[in-house]
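**Q** generate a structure from the sequence data that follows.
(one chain, ligands or ions: 1)
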Amino acid sequence: TIEMQLQPFNILLRNTLDQLVERDPTRIFAEPVSVEEAPDYFQVIKHPMDFSTMRSKVTGHEYRTIDEFEKDFDLVIKNCMTYNSKDTVFYRAAVKLRDMGGAVIRNAKRIVEKIG
Ligand SMILES: CCOC(=O)c1ccc2c(c1)NC(=O)[C@@H](C)N2
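**A** Below is the predicted model:
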């Protein structure tokens with residue numbers, strides 16, 4: 001298939017990310033976890049990811065496919081459900097974001113398939 005033009009694809013990713021950010025009202029996924037917040041975080045989580053990092057990667061054209069973008073979204077969720085125990089607000093927020101964010105990404109994929 002012909003490569004989808006880069007700029008519209010990046011606008012689609014930015015819009016998709018905005019929708020995911022909207023579904024994190026307490027903004028626990030907005031920025032990288034800091035060592036002050038979780039001193040042992042980087043011993044447990046080898047590949048940290050957050051929405052601000054994803055936004056930089058969109059701006060830097062580091063996502064060539066929507067699957068690469070989805071992989072980082074999945075990482076945000078998986079890291080949170082790995083580091084935080086089930087009975088925490090963090091873990092529960094990750095489950096909620098996984099379920100609501102899944103629909104956002106599926107919709108974005110449909111649009112890419114349609115245009116791409
Ligand atoms: C002000 C205290 O903030 C935190 O302890 C804190 C703040 C943000 C967090 C987090 C912990 N843990 C996480 O796993 C990811 C999702 N975000």
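
**Q** tell me the SS of the closest residue to the ligand within the chain?
**A** At 3.6 Å from the ligand, residue 37 is the closest residue in the chain, using Cβ to the nearest ligand atom. The way it works is simple: take the backbone N, C-alpha and C, and place the C-beta from them, glycine included. Per DSSP: H, G, I helix; E, B strand; the rest coil, the secondary structure class of residue 37 is coil.

**Q** ok, it - how many residues close by?
**A** 10 (other Cβ atoms under 10 Å).

**Q** where does the residue lying closest to residue 79 once chain neighbours are set aside land on pLDDT?
**A** Sequence neighbours aside, residue 45 is the residue nearest to residue 79 in space, at 4.8 Å (criterion: Cβ to Cβ, 6 or more residues apart in numbering). We have a pLDDT of 98 for residue 45.

**Q** quick one: residue 45 and residue 83 touch, right?
**A** Yes. With contact defined as Cβ atoms under 8 Å, residue 45 reaches residue 83; the gap is 5.6 Å.

**Q** where do the contact lists of these two overlap?
**A** Shared contacts of residue 45 and residue 83 (Cβ atoms under 8 Å, 6 or more residues apart in numbering): residue 33.

**Q** how about the residue positioned nearest the centre of the chain, phi and psi?
**A** In the chain, the C-alpha nearest the mean C-alpha coordinate belongs to residue 73, at 2.7 Å (Cα atoms, centre = their mean). Backbone torsions of residue 73, given as degrees, to the nearest 10, read phi -60, psi -40.
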